[in-house]
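In: Quick one, structure for this:
(chains A, B and C)
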Amino acid sequence: MAIDYSLELAAIEGNPPLKELDEIIIKPMVTKPSRKYQIVLAITTSLLIIGAICIGITFYYGIGMWGNNQPVAWAFDITNFVFWIGIGHAGTLISAILYLLRQQWRNGIARFAEAMTIFAVMCAGIFPIIHTGRPWLAGYLIPYPNQHVMWPNFISPLVWDVFAVSTYFTVSLVFWYVGLIPDFATLRDRTTNKIRKTIYSVFSLGWRNSSRQWQHYEKVYMILAGLATPLVLSVHTVVSWDFAAAIIPGWHSTIFPPYFVAGAIFSGFAMVSTVLIFIRKIFDMEHIITLDHLEKMNKIILLTGSMVGYAYIIEWFMAWYSGSPVELFTTLNRAFGPYAWGYWIMVSCNVFFPQLFWFKKIRRSVPITLVIVILVNVGMWFERFVIIVASLSRDFLPSSWHYYKPTLVDMGILFGSFGLFFTLVLLFARTLPVVSLAEIKSIVPGAQPSHGENQHE
Amino acid sequence: MNDGKKLFGVAALFDTPDEILKAAKTVNNAGYKNYDVNTPYPIHGIDKAMKLKSSKLGYVTLFFGFFGASFILFFMWWTLAVNYPLVIGGKPYFPLPAFVPITFEFTVLNAVLSTFIAMIAVVFNLPFNSHPLHDSNYMRNVTSDKYGVVIESEDPQFDENKVNELLRSLGGKNIERIFYPEQKEFKVFQPRFVVFLIIIAIITSVSTYVTLNKLMYLPPFSFMEHQNKGIAQYESTFFYDKREMREPVKGTIARGFIPYAFTGVTDTNEFYSNPLLPTQKVLKLGQEKFLTYCSPCHGNYGEGKSRLRGFFPPGPTLHSARVIGFSDGKIYNIITNGQNGIMPSYAYQTTRDERWAIINYIRVLQRAQNPKPSDFSAISEINKESGNASN
Amino acid sequence: MPQTESNIRLAENAGYIKKELPKSLSTWGYILLIVGIALSIVSYKLDPARASFGYLAGYIFLLCIGIGALFLVSMEYAAGAVWSVPFRRVSELFASSVPFLLILLIPLFLSMKNLFVWMNPEVVAHDKVWQTRMNYLNVPFFIIRDVVIILIWWLFYHLIIRNSRKQDLSLDQNLTTTNIKLSVAFIPVFGFTISLFSFDWLMSMVPKWYSTIFGVYIFADAAWVGFAVVTLASVLLTEKGYLSTKIKKDHYYSLGTWMFAFTVFWAYIAFAQYMLQWYGNLPDEIIYYVHRWVGGWKYVSLFLVIAHFIVPFIILIPRSSKTNPKILIFASIWIIATQYLDSYWLVMPSMVNNGFTYSFRFTDFAFPIAAVGLIIVLFTTLAKKHNLLPIGDPKLKRSWDFHL
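Out: Numbers count the residues shown, from 1 in each chain, chains lettered A, B, ... in the order given. Below is the predicted model of the structure:
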């Protein structure tokens, strides 16, 4: 099929009337949830409860319930943290960076991706707090004048993390909410239910869709996007510095910041794809979240996956080029040591399988995409696992080498975090518009004034 | 039809973005100031048509961004370099590269929150966000799929008939008159509101108290004092003799302890010889120990001049032919075991090496009292050298 | 390129009238080129060892411009960007220096003994690290590798630019499709080749030092200066009426935004490298920065932070400056000059490793003068033959409708 490059591709399929878009998007909020939804929700909440129990056990008995032991002091906890933070990055990328790049196709998926960002950061935020062993003392991370005259160590990357993650969460939440304000106004004017109307009225902040408001609103949205863009890069950069600032071989590598960011976007897009594939099917939004959107996301997955592959290759090259025996050992140990299985899962899922997206047929095939993006998620989880556990398990002293094995509690908390994430996603899908009403309307064909001569005065 | 309500304005709806752009332009050109255009989504070019000035919110971001950056840098400098200076990781007190990440994050946080607050406070006029347009039929349409213009009655040019005509000529549909809602008296200090405030105050204070004083309270670091251990001079509840201070098990030997094998033997020469060479370092040590332990009885030069003024029998001179004739092993034996029931053992005061060093020093003293001719020539040579050096 | 009837109509629709560039421009180009070459020869006669370092700095500068411009062309195809179509031919003309990089590599190969510590067998014999690296850095492999890298770039340059020029006449949309495929293939190849190239010529100058991010650093520089040269030429040509009359503020804005974005990107990459090596403070790593902090280099390093990041960052923040042609021209000239400073900063302090001492000499600037002269000569010569606007590009019409 030849493509006509002189024509702009429509961001959504067909030419639906604006009212119909409202109906489709709001439908999940006003209809009764189906049986399938309830079953899925029951599964995810059960997972959530398992996770909560495991965290309770951890609090009661202590960190000894986990498999962590010297020298593997960081294991599932930090792996999960980095994994979830990474998942969050796609949302901000879609909503902020693609907004600045004026990629209109983002409008259909931005809301959902932003929500996933917030939920993912919530999941991520649990881990650094519980892994300290005394979570109730986490308040000391906030610099406030206290009776011990103690200040946080601002030189420590772990404290940078606190600032980065909390800023990221706040900014994502604000960004998401700013996007929701006009939609709350629409909901407010549609609903007849008194309680709902009150809630929507409060959250819409008196929004009137006035052009005088839109003008400030667009400016603020632009500013927030402009600030969120470097922020999203900085967050995973800071996470990467948790490792790279240490001089442990395998961690102390200057490429970590861009490599982690690329990996984060990679895994985040995979997660967004995973969820959207179901959402568009279940909520009949196949013409709003089109195959073209999935294809473009697959292209970004291919791009970022290749960046991750570049980083793997450069790491290998430098381990050898450096001439440092410990660097070389760490790299070899990852690939052929006791955690070789994890390494090869990581390489195959992150580098090999996404390369299938070079083929247009595969990019546009929904089932294959689904399989690959799930594999990418698995691979990216293992990437963090390999970086953390495989590097730590064989440190400088061979006498203290230790093969880390997760305990049931470890697994429970991991699954619990998935439970939390998907529970929140499911609840979100039925309480708020999953596609931004205002944004999707603005890209419907004919939604903008035709560019007559009056445009170029 | 007015029902005594005050007219807010007249609104009209349009179907397409092109129409609304034209309408906005016409209304603006007609000289109206207090009018508004409501659209379901932002329309490109509408700000030009309405001749709106661009939003100034960017300056808020800029100001608070710079404020945040300078504040947090100052704060980190103050905490880590002034209030509690601490060397961390061998870095200077003000390690700028390490402060960059937090400075950046805080700048973004400050800029975002201030911009957001500025928007909802200034633009949305929060908390006074009620508006006559709310709940009108017009509003329901413009939040869904129609584009509307509303001309307010406060406009100096407002004339209802003219406005109607203008809107109709532009092709406006559903022309609607919008009224102010009836004003309700609102008393600030209603009992319900006051109770609400009190409850909020109580919840806030209690939660703050619990968080800061209970949840986050760290006892001062005194874990070392409160461990289960025996402290000397305390009564024990565990041992039957109620003493916390225990004696070592019988036959216990201290680490590095070597028993003295020759108690009672008078001349140990054949077993012992001095392991230390009379180097400067050894002699220095010997001198120090001699002056500490031996000189009170034997005199500063070992000549038997006691400093004890008769309170204790003075020690004999060490320059007698008998003592000069003692082997090193014998003197060692005397220092270790004492002699004649008068000189006590000095085994507890001096280590083995110190005793040997003392013996070396004694030999030096003895030689100094009975020098050989070769010693004089050596001394004169030394004097010559030092004399040359001083010239 | 012969002008056909339909071609002229297309150009008219695009608001483009093909005009000769002013003679004085190419004259200036030749003057700079000849003066630069003459000074280079003088510099070589004065101190051949010193000249080889100066030459490398100039070469990296030229390489960043050429390969950066080529990268922009391929990015436009791969990303399907619309706004940048009117400027694509300008980038293509700047990329025309890529083939010359091959010839200009010869003097570098001849001066390898001066440039690299590892060319000294005695040093290698006493150092285990160098012995490991010699498997990679040995002369034959080194030369073959770098020649092949530039040949690859040349190949992609040739194919992409040929298709783009052909389209001016044939208006064949399949050429766009072909170029998209070529560009998509080029981008990963480019990522690896520029990394290897920078490892070879810049990283291997410093014994024991290594940094995994170094390739990305050079990439950031190349893309940054690529946008700067394209902005400079496009804005000048548009303002003087050589390019389309249909170019709007929105197009300028995008150029400014991209320069801004890459300013920040470079700062990010440079800071990531600096911060980690400063934080780790390992002797083998920090020596790279110690060499750039001793004596007067301290002020150069600090100035580089200001010139490479703070100045363009502040200039390009406001929306008004991104649409103001004068500010854009100033910013892009600033960026091009700073890019040379960066190349200089990357190369010169490493002289110490070979036992040379650095002192400031004006003869170092012979090479960038020659490089600028070469670029102007190439640009003016090719601009005579080809349209400055890709009038046959199907996306061009959409680009006129581009708005923020």
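In: Which residues of chain C lie near chain B?
Out: Contact residues (C-beta under 8 Å from any C-beta of the partner chain) of chain C with chain B: C:271, C:274, C:275, C:278, C:279, C:281, C:403. From N, CA and C alone the C-beta is placed, and that goes for glycine too.
In: Secondary structure element holding the fifth one?
Out: Residue C:279 belongs to helix C:249-280 when elements are defined using DSSP states H and E.
In: dump the residue contacts of the nearest residue to residue B:296 once chain neighbours are set aside.
Out: Excluding its sequence neighbours, the residue lying closest to residue B:296 (C-beta to C-beta, 6 or more residues apart in numbering or on different chains) is residue B:307, at 5.3 Å. By C-beta atoms under 8 Å, 6 or more residues apart in numbering or on different chains, the contact set of residue B:307 is B:295, B:296, B:299.
In: Repeat the analysis, applying 10 Å as the threshold.
Out: B:295, B:296, B:297, B:298, B:299, B:300, B:314 (C-beta atoms under 10 Å, 6 or more residues apart in numbering or on different chains).
In: swap in residue A:448?
Out: Neighbours of residue A:448 in contact, by C-beta under 10 Å, 6+ apart: A:442, B:17, B:18, B:21, B:41, B:42, B:43, B:44, B:45, C:403.
In: got a list of what residue A:75 touches?
Out: By C-beta under 10 Å, 6+ apart, the neighbours of residue A:75 are A:66-69, A:131, A:385, A:388-389, A:392-393, A:404-407, A:410.
In: Of these, keep whichever come out buried.
Out: For the contacts of residue A:75, a neighbour count by 16 or more other C-beta atoms under 10 Å in any protein chain shown gives the buried set as A:66-68, A:131, A:385, A:388-389, A:392-393, A:404, A:406-407, A:410.
In: how about the helices of the stretch 251-391 of chain B, start to end?
Out: B:280-289, B:295-298, B:321-325, B:328-337, B:352-369, B:373-390 (DSSP state H, counting those that start in this stretch).
In: Just name the most buried of those.
Out: Of these, the one with the most neighbours on average (mean count of other C-beta atoms under 10 Å in any protein chain shown) is helix B:328-337, at a mean of 21.
In: That one - contacts with which helices or strands?
Out: Based on contacts counted as 3 or more C-beta pairs under 10 Å, 6 or more residues apart in numbering or on different chains; DSSP states H and E, the elements that helix B:328-337 packs against are helix B:321-325, helix B:352-369.
In: Between those, which one is closest to chain A.
Out: Closest to chain A of the helices and strands packed on helix B:328-337 is helix B:352-369 (C-beta to the nearest C-beta; 36.3 Å).
In: Can you name every helix or strand that the closest one contacts?
Out: Using 3+ C-beta pairs under 10 Å, 6+ apart, helix B:352-369 is in contact with helix B:280-289, helix B:321-325, helix B:328-337.
In: right, and those helices - which one's nearest residue C:367?
Out: Checking those against residue C:367 by C-beta to C-beta gives helix B:280-289 as the closest, at 65.5 Å.
In: Now do that closest one against helix B:328-337, angle only.
Out: 40 degrees (axes from the mean of the first three to the mean of the last three C-alpha atoms, to 10 degrees).
In: got the contact list for helix B:280-289?
Out: B:274, B:276-279, B:290, B:294-295, B:335, B:346, B:349-351, B:353-365.
In: and residue B:178, what helix or strand is that in?
Out: Going by DSSP H and E, residue B:178 is part of strand B:173-179.
In: Need the residues that contact that strand.
Out: For strand B:173-179, with C-beta under 10 Å, 6+ apart as the criterion, the contacting residues are B:1-15, B:19, B:131-134, B:136-139, B:141, B:146, B:148-150, B:152-153, B:160, B:163-164, B:167-168.
In: hmm, try it at 7 Å
Out: B:5-13, B:132-133, B:136-138, B:150, B:164, B:167-168 (C-beta atoms under 7 Å, 6 or more residues apart in numbering or on different chains).
In: in the very next helix or strand once past that strand, what's buried?
Out: Once the chain leaves strand B:173-179, the next helix or strand it forms, by DSSP H and E, is helix B:191-209. Neighbour counts using 16+ other C-beta under 10 Å place no residue of helix B:191-209 among the buried ones.
In: cool, and stretch C:85-103?
Out: C:85-101.
In: same question, stretch B:92-105
Out: Buried-residue list, stretch B:92-105, by 16+ other C-beta under 10 Å: B:95, B:98, B:99, B:100, B:101, B:102, B:103, B:104, B:105.
In: and that stretch, how far from the chain's centre?
Out: 14 Å (C-alpha atoms, centre = their mean, to the nearest Å).
In: Report the rounded mean pLDDT for that stretch.
Out: Computed over stretch B:92-105, the mean pLDDT rounds to 92.
In: Wondering if that stretch reaches chain A at all.
Out: Yes. With C-beta under 7 Å from any C-beta of the partner chain as the measure, stretch B:92-105 is seen reaching chain A through B:95, B:98, B:99, B:101, B:102, B:104, B:105.
In: and for that stretch, what are the contacting residues?
Out: A:154-155, A:160, A:163-164, A:167, A:234, A:238, B:69, B:72-73, B:76-77, B:80-81, B:85, B:91, C:271, C:274-275, C:278-279.
In: Could you rerun that using 6 Å?
Out: Here stretch B:92-105 makes contact (C-beta atoms under 6 Å, 6 or more residues apart in numbering or on different chains) with A:154-155, A:160, A:163-164, A:167, A:234, A:238, B:69, B:72-73, B:76-77, B:81, B:85, C:275, C:278.
In: Return a selection command, for use in PyMOL, containing the buried ones of the residues you listed.
Out: Of the contacts of stretch B:92-105, the buried ones go into a single PyMOL selection, burial set by 16+ other C-beta under 10 Å:
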select buried, (chain A and resi 154+155+160+163+164+167+234+238) or (chain B and resi 69+72+73+76+77) or (chain C and resi 275+278)
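In: most neighbours, which of the contacts of residue A:448?
Out: Of all those, the most densely surrounded is residue B:21 (27 neighbours; neighbours counted as other C-beta atoms under 10 Å in any protein chain shown).
In: Restricted to helices, list the contacts of stretch B:92-105.
Out: In this view, the contacts of stretch B:92-105 that belong to helices under DSSP state H are A:160, A:163-164, A:167, A:234, A:238, B:69, B:72-73, B:76-77, C:275, C:278.
In: quick one: which two of these are the most distant?
Out: A:167 and C:278 (23.4 Å).
In: in the stretch 51-200 of chain C, what residue is nearest chain A?
Out: Closest point on the stretch 51-200 of chain C to chain A, by C-beta to the nearest C-beta, is residue C:129, at 3.3 Å.
In: Nearest residue to residue 184 in space, please, no chain neighbours.
Out: Since no chain was named, I'll use chain A. Spatial nearest neighbour of residue A:184, chain neighbours left out: residue A:204 (3.7 Å); criterion: C-beta to C-beta, 6+ apart.
In: other chain: chain C
Out: Nearest one to residue C:184, counting by C-beta to C-beta, 6+ apart, is residue C:78 at 5.1 Å.
In: ok, then the element right after the helix or strand harbouring that neighbour?
Out: Following DSSP H and E, one finds residue C:78 within helix C:48-79. The helix or strand immediately downstream of helix C:48-79 is helix C:85-95, counting by DSSP H and E.
In: For residue B:35, give me the backbone phi and psi.
Out: Per-residue torsions, residue B:35: phi -140, psi 170 (degrees, to the nearest 10).
In: And for it, the neighbour number?
Out: By other C-beta under 10 Å, the residues close to residue B:35 number 24.
In: who does the closest residue to it other than its chain neighbours bridge with?
Out: In space, not counting the residues next to it along the chain, residue B:35 is nearest to residue B:151; the distance is 4.4 Å by C-beta to C-beta, 6+ apart. Beta-bridge pairing of residue B:151 under DSSP bridges involves residue B:10, residue B:35.
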